[in-house]
Structure formats: C-alpha cells, structure tokens
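**Student:** Sequence and predicted structure, then a few things I'm wondering about:
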Amino acid sequence: MIRPRARCNESGLTLVELMISLGLLAVVFAGLGMAAQRASALVEESAIVTDVQTRADRAIERCVRLLRNAGLRRLDPNLEFVPGLPPVWTTSLAFEEAIGWNAAVVTWGPITRLSSELESAEFENGLDDNGNGLVDERVLVLTENVGAPDERRVILAHGLSAFAAGETGNGADDNGNGLVDERGLCFNLNGDALRIQLSIQRPGPNGRIITRTRRDSIALRN
C-alpha cells in the first residue's frame, strides 16, 4: 500500500517545519527586543548619571566660590570643635565675606546663607509627597543680604538627598566619617578648613535612585 506524501507548501516546507521556523523567529525577535530595551535603559541611565554628576559638580563649585573669602569667626553657627564633644555640623550656614581693608582692619560684607530646604510640596515624613520619585528631597538655597530689606533667595540646585550617602536618621555614624546623621548638604570644620559635602539624586530607569556625592574644603580667613 502506498502512503500519501505529507503536504508541503510551495517552498517545500511541511506545516510542522513552518511552525517551528516561526517559533524560532519569534524567540529571536523577542531576544532582540529585550536587548534593545536593555540598551535603551543603559543609555538613559548613563545620561541621568551624567546629569546628576554635573549638577553636583556645579552646586559644590558655586558653594566654594561663595565661601572662598568667608571668615572663620564669622560663621553662624559656630562649627569649631570642642574637645570631648562630637564634631559639629550644620545644613544651614550663614557667613560674611572679607570685601576689603580699612586701616589694616578687614571689612566684612553683608550676611549670606547657604541652606538646605524642603522641595516644594515635600514634607519631612519619609514619603514622596510631590510624586517625583524622591523622598524628602531638598533644594540648595542661596540667601543674600540676610535680614536686609533687599534680601534675595535663589535656588542653586534641586534634588538634594535627605541624608548623606550611606547615612540614615538613626543617631549613629552609619558611613563612618565621624559625623552622626548628617544630611545631604553638610558643613563642618576640620581645623581652619571648612568642609562641604552634598549629595544630588534623581530617579533612574525602573525607579532606581541615582546618587552622586561631592566633597570639597576651603581654608577660611581668621
């Protein structure tokens, strides 16, 4: 008895072979799609990292320029180390700059302040109140002519983190730098040098928070 041949399409493939080929193509295209998504996410993350690093660089460079001529004894609060007590730090620093000399006496300018303040519509509650993907984030604020009629406030940077990298509000020195519970903007003294540290954040792909921290120090005038 002669069995009938399996039906073939015009190209000579059986129906089973055609289905297998289509399945393989689907797997290949799915793999290509996933690879393209990963590549796109990497490009997006790289752009966000660059943006966050650039903003952190600009913010701390602006702080350094403003504080370059500040007086060590003209800081408020006083950050000088007291033996037997933990190092003092602050997230809001008022200072005066040396602007000239008068009979060998330094002339000091108006009071300026650098401070960290809550972002608009954000509260100190551990939540993302304004829906931008960051929790309790701050802004870096420059206030010129503090207390004067022409006082002026300018936001220098957005996305300051609530706490410094590796730190949480638990009464301990989590990141091992000698400071307890320091914030995303932190000023402290090391001898006559004022140390500045700030951390900038931004949500990345898949909601992962990208953070970059910058540190610098300035020798202050006595």
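**Tutor:** The structure has been received and is ready for your questions. Numbers count the residues shown, from 1 in each chain.
**Student:** use CA for all of it now, contacts and neighbours both
**Tutor:** Noted.
**Student:** Where do the strands of this protein begin and end?
**Tutor:** For the chain, the strands defined by DSSP state E occupy 89-90, 92-102, 105-118, 138-144, 152-160, 185-190, 193-203, 209-219.
**Student:** I'd like those as TSV, with distance to Glu61, mean pLDDT and mean neighbour count appended.
**Tutor:** Supplementary listing: these in TSV, determined by distance: least, CA to CA, whole Å; pLDDT from 0 to 100; neighbours: other CA atoms under 10 Å:
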stretch	distance to Glu61	mean pLDDT	mean neighbour count
strand 89-90	19	95	21
strand 92-102	16	91	17
strand 105-118	13	94	18
strand 138-144	13	98	22
strand 152-160	11	96	18
strand 185-190	14	94	22
strand 193-203	10	95	22
strand 209-219	9	94	17
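**Student:** Would you format these as CSV with distance to Leu75 included?
**Tutor:** Formatted as CSV, the strands of the chain follow (distance: least, CA to CA, whole Å):
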stretch, distance to Leu75
strand 89-90, 11
strand 92-102, 5
strand 105-118, 10
strand 138-144, 14
strand 152-160, 19
strand 185-190, 11
strand 193-203, 10
strand 209-219, 13
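**Student:** and Ile60, what does it touch?
**Tutor:** Going by CA atoms under 8 Å, 6 or more residues apart in numbering, Ile60 touches Ile196, Gln197, Leu198, Arg214, Arg215, Asp216.
**Student:** and what of Asp192?
**Tutor:** For Asp192, the contact set (CA under 8 Å, 6+ apart) comprises Leu72, Ala219, Leu220.
**Student:** can you tell me how far it sits from Pro87?
**Tutor:** According to CA to CA, to the nearest Å, Asp192 and Pro87 sit 14 Å apart.
**Student:** hang on, the earlier thing: can you lay out the contacts of Ile60 as a markdown table showing distance to Val52?
**Tutor:** Shown next, in a markdown table, are the contacts of Ile60 (distance: CA to CA, whole Å):
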| residue | distance to Val52 |
| --- | --- |
| Ile196 | 17 |
| Gln197 | 15 |
| Leu198 | 12 |
| Arg214 | 11 |
| Arg215 | 14 |
| Asp216 | 17 |
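**Student:** Nearest to Met19 among these?
**Tutor:** The closest of the contacts of Ile60 to Met19 turns out to be Arg214 (CA to CA; 57.4 Å).
**Student:** Give the bridge partners for that closest one, please.
**Tutor:** On the basis of DSSP bridges, Arg214 is bridged to Leu198.
**Student:** How about the residue nearest the centre of the chain: what's its closest non-neighbour residue?
**Tutor:** For the chain, the residue sitting closest to the mean C-alpha position, by CA atoms, centre = their mean, is Ile200 at 1.0 Å. Closest residue to Ile200 apart from its sequence neighbours, by CA to CA, 6 or more residues apart in numbering: Leu160 at 4.6 Å.
**Student:** do you know how far that neighbour is from Arg212?
**Tutor:** 10 Å.
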